[in-house]
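1. take this sequence and fold it.
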Amino acid sequence: MEMMSIEADSVVKVAEWQQTYYATDSGIQSGATTVQDDESSTEYSGNKKYTNSTTTGTEAQYSLTRAQRVRAAMFPETLVEGEAAMPVQSDPSQQSNVQRLAEPSQLLKTALVHLINYQDDAELATRAVPELTKLLGDEDPVVVNKAAMIVNQLTRKEASLRVLVQSPAMVASVVCAMTTATDMETARCTASVLHSLSHQREGLLAIFKAGGIPALVRMLSSPVESVLFYGITTLHNLLLHQEGAKMAVRLADGLQRIVPLLKKSNPKFLAITTDCLQLLSYGNQESKLIILANGGPECLVFIMRNYNYEKLLWTTSRVLKVLSVCPSNKPAIVEAGGMQALGQHLTGSSQRLIQNCLWTLRNLSDAATKQEGLDGLLQILVTQLGSDDVNMLTCATGILSNLTCNNSRNKTLVTQYGGVEALIHAVLRAGEKEDVAEPAVCALRHLTSRHQDAELAQNAVRLHYGIPAIVKLLGQPHYWPVVKATVGLIRNLALCPANQASLREAGAIPRLVNLLLKAHQDTQRHASSTQHTYQDGVRMEEIVEGCTGALHILARDPINRGEIASMQTIPLFVQLLYSYVENVKRVSAGVLCELALDKHSAELIDAEGASAPLMELLHSNNEGIATYAAAVLFRISEDKSSDYRKRVSVELTHSLFKHDPAAWEMVKYLCLWMSVCFCVQRCWHKSHTHS
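-> Numbers count the residues shown, from 1 in each chain. Next up is the predicted model:
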């Protein structure tokens, strides 16, 4: 009874389920496959219809066996006409496994087709080459023209191109046909053939061996643009990749033909042309001079000034960079406005162009110290001193160092642009990088001397806390070019009275004295030899002169004067009065002149026997030396006897007025009159004393 009740309940539940979602058997009772009826579905009701044709096509595709479907996907060419491969994935945007498997087979099929075509092209070219070679040498220009056109067509296919490359006779015939061509079309076709061959390593060698370079150089005079293009690009490929090509181009007077092409207007053509010039001129002085003789610098500067195609500007800057180290080309580039033209590109986005322009400007800058119109360039360079790039910093400091050398206007401009502060920061960042430190210090040395804002620059170094960093450069290890520049800068800074205390507090005096002693010892060790003592390219005599000169200016301050004298320097300064270098005599006499202001130092100077060399220096042709010597003698004779003072006075007078006879006679008369007065005074004094 219970069993019958359970069965009845199950039937009722099935009926309820059918009424809710499905109109057919759920399969619970019958075991039939569950199917959703789209007609009765509440979600899709009435939205989707199927045609009989779609159903029929799908049934036909499903009737294919698995093997047939795979074959259809991998080898669709085996399908019966009108039959299509069945899509085996539900999402068309994704590949099925069968389609993925089919890809390699399709690639293989394509490769086989290409191979068959390649073999066909190669066989055709192999059969045609002997005949075409003969036709290219025909006397009839029409025949040669047709043969050249056919060969040009053969170069379009890789297989036939390989066959042509491997035929020296064919390449030689093409070169000969190009050389003797009487019509532009033949010249164009043969030049095109060589251009195609030059993209193969074997082709380059074949052209070179066939004497193609002189023929290509002659083509550079063609009035046809396409011939010019093929000629210059083929030569470019040869210069890049074929050994011996550069010398062959030079011997064929290629440079004389290439330089005039710089007057063309096509930027891409010019880019190839300028690169050829760079390849030919790099490391070859004769080529640089030929470029100069043919007006190359002016044309290159014109390109830099008037074009904006980055690749052309870059290749042109490379040529200018090579030429900028040539003493003959350097002034020509500067006179053509090269500094201004290169400066235009320092603010662009191309780093390789900026680097080339900077290096070129650095090379040119020592020949541009008298150039005008560089205001904008100087301002850009001051800005670039803030760069973290070492190369950029090296170039910017080097250019500023040269452009501010003996040019008071440039010095004033750089000072006004904030160059002093920027250079101090560059020195701080340079650390042990001498390539940055040396030109930066040299530029500061220039800015602190001989222009209207020099005192402003001297004060600016102190106000921007540069003095400690500068003095530190005198420490170990010594890189003498930096030391030489630093010593000169310290001398200039000492000219400003406000800097004297800062220099003393930074330890400048003991460092200068130590450097002076070391350099003097080096010169003494080599005193017997006739050659100068060099270290890192710097003469030690220059270090002696620089240190003594800096101490001379520092000695103007009373405290500094006492510190210098306390370091036992007076014997050395007296010894330097005997130096064979005139400038060393001048600065040593100068520092003794300052030290002699202190009575104790004057006594030490006299005790060291300075009178004898100083008396001799009174008669020096150098007015500075004579004046300093006179001042020292006058100061050390103040406590001497009257006879000694009289002798010194006569010597001083003679030395000061020896170039003016009339003045000398007047002074002699004055001295005689003063002597008489002095004797009368002594007699009167004695008579009154006795009385």
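2. what does stretch 332-346 contact?
-> The contact list for stretch 332-346, computed with Cβ atoms under 8 Å, 6 or more residues apart in numbering, reads 292, 297-298, 300-302, 304-305, 313, 317, 320, 323-324, 353-354, 357-358, 360-361, 364-365, 367-368, 371, 373-374, 376-377, 380-381, 384. Quick note: C-beta positions are derived from backbone N, CA and C, even for glycine.
3. one more time with 6 Å, if that's ok
-> With Cβ atoms under 6 Å, 6 or more residues apart in numbering as the contact definition, stretch 332-346 has outside contacts at 292, 297-298, 301, 304-305, 353-354, 357, 360-361, 364, 367-368, 371, 377, 380.
4. likewise stretch 553-562?
-> Stretch 553-562 is contacted from outside by R491, A494, L495, Q500, R504, I564, V591, E594, L595, using Cβ under 6 Å, 6+ apart.
5. show the buried residues in those residues.
-> R491, A494, Q500, R504, I564, V591, E594, L595 (16 or more other Cβ atoms under 10 Å).
6. tabulate those residues (TSV), appending pLDDT and distance to S221.
-> Converted to TSV, the buried ones among the contacts of stretch 553-562 look like this (pLDDT from 0 to 100; distance: Cβ to Cβ, whole Å):
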residue	pLDDT	distance to S221
R491	98	61
A494	98	66
Q500	98	71
R504	98	73
I564	97	74
V591	97	70
E594	96	73
L595	96	76
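7. make a markdown table out of these and add secondary structure and distance to S196.
-> Shown next, in a markdown table, are these (DSSP: H, G, I helix; E, B strand; the rest coil; distance: Cβ to Cβ, whole Å):
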| residue | secondary structure | distance to S196 |
| --- | --- | --- |
| R491 | helix | 68 |
| A494 | helix | 72 |
| Q500 | helix | 77 |
| R504 | helix | 77 |
| I564 | helix | 79 |
| V591 | helix | 78 |
| E594 | helix | 81 |
| L595 | helix | 84 |
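8. between those, which is nearest A426?
-> Distances from A426 to those, taken as Cβ to Cβ, are shortest for R491 (20.8 Å).
9. and the closest residue to the closest one other than its chain neighbours, what does it touch?
-> The shortest distance from R491 to any non-neighbouring residue, by Cβ to Cβ, 6 or more residues apart in numbering, is to A550 (4.1 Å). Going by Cβ under 6 Å, 6+ apart, A550 touches V487, I490, R491, L512.
10. please repeat the previous calculation with a cut-off of 8 Å.
-> Applying Cβ under 8 Å, 6+ apart, we find A550 in contact with V487, G488, I490, R491, A494, A508, L512.
11. do L576 as well
-> Going by Cβ under 8 Å, 6+ apart, L576 touches H520, V544, T548, V584, K585, S588.
12. go with 6 Å
-> Applying Cβ under 6 Å, 6+ apart, the residues contacting L576 are V584, S588.
13. in stretch 146-158, what counts as buried?
-> Buried residues in stretch 146-158, defined by neighbour count with 16+ other Cβ under 10 Å: K146, A147, A148, M149, V151, N152, L154, T155, K157.
14. and the furthest pair within the contacts of stretch 553-562?
-> Between any two of those, the greatest separation by Cβ to Cβ is 18.1 Å, found for L495 and L595.
15. now the strands for the chain?
-> Counting by DSSP state E, one finds strands in the chain at the ranges 534-535, 538-539.
16. list the contacts of the first one.
-> What that stands for is strand 534-535. Here strand 534-535 makes contact (Cβ under 6 Å, 6+ apart) with W480.
17. change it to 10 Å
-> 478-481, 483, 518-519, 522, 526, 540-543 (Cβ atoms under 10 Å, 6 or more residues apart in numbering).
18. and which of the residues you listed is nearest T397?
-> Lowest distance from T397 to the contacts of strand 534-535 (Cβ to Cβ) belongs to P481, with 13.1 Å.
19. roughly how far apart are I150 and A426?
-> According to Cβ to Cβ, to the nearest Å, I150 stands 66 Å off from A426.
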